[in-house]
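[1] coordinates only, sequence not included:
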């Protein structure tokens, strides 16, 4: 858009002789960037994003907001060149460009939701619209439906208050949506668990072990969804205190039924979820944890658990060989699943050509990182330089 420079009232003669002159708006005001110690890198990125628009080389602009942002979204179109990146505790800003356009993408967290904004300036409106559409394509995370949400209880032992339970609604994907995240043998093991009915329960301990980032927690959320008609899930945030304090254990595991009953009026099953309990169930747990291991075993198939519908799910990063033999003995476990990385061919199928496939396979967390690329939320790893390594 341009402005016409017109003569003033005292210049009538000049105006009748000289034609009107088209003036670039950026020439009417001096454009300067002033910084002080209150500004940060993100403020610089914000200013640079409007430079081409301000001077008129890219006079068209379009913007869009995305909320919530999908975890895998980059808010960048294919082929974008990242020229600035600012990482802060509460906000991430990226400046990128391409032929004839400039883009600024920003993320910030509001509570548990990640919000995003994208602004594109370009040499023409069609280009700005096209780049913006590519940047936000698939970036919106679909809001969970009632079917995708499961209620869980979260317990902790508060000083002076005793056991405290907070109820939260957690997003839980369906098994068909996440089955491809696991190796064939692991997926087949979970197939049976997802179809389990209360009358088929044989054994009270569900043990998941394997390296970090392999999807154990995701599987448990999916299991909570599959079982929600007959089993409630109670996540214990301080399991080391649960088995050290008998009163806490009685309240969480054997206390009054808080969630009603099933369609037949019978008490529902209760699944206690204990994550990362390496110290509790490794080979030396009896010596290191005192009565904690004994109480866990007593809850699963001893007098403590008799007459109550209580299951215990334990996740650990320990190798199977390092687990206490009493924990893994036949008859005690409802299921024992080793959740490992995907093999090379499985990882290749999962990535589907989006990124190079690691030759030795990869964990689920590594595959998500590869699919997202060098990332707008994390700096690209520095290439090793010649010389000494520390």
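    Received the coordinates, thanks. Quick caveat: nothing in here was measured; it's all calculated off a predicted structure.
[2] so where is the stretch 151-300 of the chain shaky, pLDDT-wise?
    Segments of the stretch 151-300 of the chain classed as low confidence (criterion: pLDDT under 70) are 256-266, 278-290.
[3] again, 50 this time
    Scanning the stretch 151-300 of the chain for pLDDT under 50 picks out 259-261, 283, 285-288.
[4] can you give me the strands for it?
    Assigned strands in the stretch 151-300 of the chain, in chain order: 162-171, 205-209, 231-236, 269-274 (criterion: DSSP state E, counting those that start in this stretch).
[5] quick one, the shortest one and strand 269-274 angle?
    Between the axis of strand 205-209 and that of strand 269-274 there is an angle of 30 degrees, by axes from the mean of the first three to the mean of the last three CA atoms, to 10 degrees.
[6] all strands of the stretch 1-150 of the chain, in order?
    Using DSSP E, counting those that start in this stretch, strands in the stretch 1-150 of the chain cover 3-5, 21-23, 60-66, 81-87, 91-98, 101-110, 113-122, 149-158.
[7] format the strands of the stretch 151-300 of the chain as CSV; extra columns: mean neighbour count and distance to residue 87.
    C-betas here are computed from N, CA, C, even on glycine. Output for the strands of the stretch 151-300 of the chain, formatted as CSV (neighbours: other CB atoms under 10 Å; distance: least, CB to CB, whole Å):
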stretch, mean neighbour count, distance to residue 87
strand 162-171, 13, 26
strand 205-209, 23, 33
strand 231-236, 22, 31
strand 269-274, 22, 33
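[8] could I get the ones you listed as TSV with distance to residue 348?
    Formatted as TSV, the strands of the stretch 151-300 of the chain follow (distance: least, CB to CB, whole Å):
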stretch	distance to residue 348
strand 162-171	28
strand 205-209	25
strand 231-236	34
strand 269-274	33
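[9] what's the domain layout of this structure?
    As recorded under automatic domain parsing, the domains making up the chain are 1-30, 42-136, 146-338.
[10] spatially nearest residue to residue 359 (excluding sequence neighbours)?
    Spatial nearest neighbour of residue 359, excluding adjacent residues (CB to CB, 6 or more residues apart in numbering): residue 344 at 5.8 Å.
[11] need the contact list for the one you found.
    When the contact criterion is CB atoms under 8 Å, 6 or more residues apart in numbering, the partners of residue 344 are 357, 358, 359, 360, 361.
[12] filter these down to the buried ones.
    357, 358, 361 (16 or more other CB atoms under 10 Å).
[13] now these in CSV, with secondary structure and pLDDT?
    Formatted as CSV, the buried ones among the contacts of residue 344 follow (DSSP: H, G, I helix; E, B strand; the rest coil; pLDDT from 0 to 100):
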residue, secondary structure, pLDDT
357, coil, 84
358, coil, 85
361, coil, 89
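[14] just to revisit the earlier point, pLDDT at the residue nearest to residue 359, what is it?
    Predicted confidence (pLDDT) for residue 344: 91.
[15] for it, give its distance to residue 199.
    41 Å (CB to CB, to the nearest Å).
[16] quick one: closest of the strands of the stretch 1-150 of the chain to residue 215.
    strand 149-158 (17.0 Å; CB to CB).
[17] in its sheet, which strands sit next to the closest one, and in what direction?
    The strands that strand 149-158 pairs with in its sheet are strand 162-171 (antiparallel), strand 231-236 (parallel) (by DSSP bridges).
[18] residues making contact with that strand?
    163-172, 221, 224-225, 228, 232-238, 241-242, 245, 248, 252, 258-259, 273.
[19] can you check stretch 60-68 too?
    Contacts for stretch 60-68 (CB under 8 Å, 6+ apart): 53, 73, 75, 113-125, 127-129, 132, 135-136, 139-141, 143.
[20] buried members of the residues you listed into ChimeraX, please.
    Filtering these down to the buried ones (16+ other CB under 10 Å) takes a single ChimeraX command:
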select :53,73,75,114,115,116,117,118,119,120,121,122,127,128,132,135,136,139,140,141
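[21] in the protein, which residue is most central in space?
    For the chain, the residue nearest the mean C-alpha position is residue 71 (5.7 Å; CA atoms, centre = their mean).
[22] pull the distance from stretch 360-375 to the chain's centre.
    On the basis of CA atoms, centre = their mean, to the nearest Å, stretch 360-375 sits 13 Å off its chain's mean C-alpha point.
[23] list the buried residues for it?
    So, applying 16+ other CB under 10 Å, buried residues of stretch 360-375: 361, 362, 363, 364, 366, 367, 369, 370, 372.
[24] now tabulate those in TSV and tack on secondary structure.
    Shown next, in TSV, are the buried residues of stretch 360-375 (DSSP: H, G, I helix; E, B strand; the rest coil):
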residue	secondary structure
361	coil
362	strand
363	coil
364	helix
366	helix
367	helix
369	helix
370	helix
372	helix
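[25] between the residues you listed, which is nearest residue 86?
    Once CB to CB is applied, the member of those that ends up nearest residue 86 is residue 372, at 18.4 Å.
[26] now the closest one: how far from residue 225?
    25 Å.
[27] which among the domains of the chain is found nearest to residue 353?
    Across the domains of the chain, closest to residue 353 is domain 42-136 (CB to CB), at 13.6 Å.
[28] between the strands of the stretch 151-300 of the chain, which gets nearest to residue 185?
    So among the strands of the stretch 151-300 of the chain, strand 205-209 is nearest, using CB to CB, at 13.7 Å.
[29] list the helices and strands the closest one packs on?
    Here strand 205-209 touches helix 216-226, strand 310-316, helix 325-328, strand 333-338, going by 3 or more CB pairs under 8 Å, 6 or more residues apart in numbering; DSSP states H and E.
[30] each with direction, which strands does it pair with?
    strand 310-316 (parallel), strand 333-338 (parallel).
[31] and the angle from the first one to helix 216-226?
    Put simply, strand 310-316 runs at 160 degrees to helix 216-226, going by the same axes, to 10 degrees.
[32] the closest residue to residue 148 other than its chain neighbours and residue 114, how far apart?
    Excluding its sequence neighbours, the residue lying closest to residue 148 (CB to CB, 6+ apart) is residue 171, at 5.8 Å. Relative to residue 114, residue 171 is positioned 14 Å away (CB to CB).
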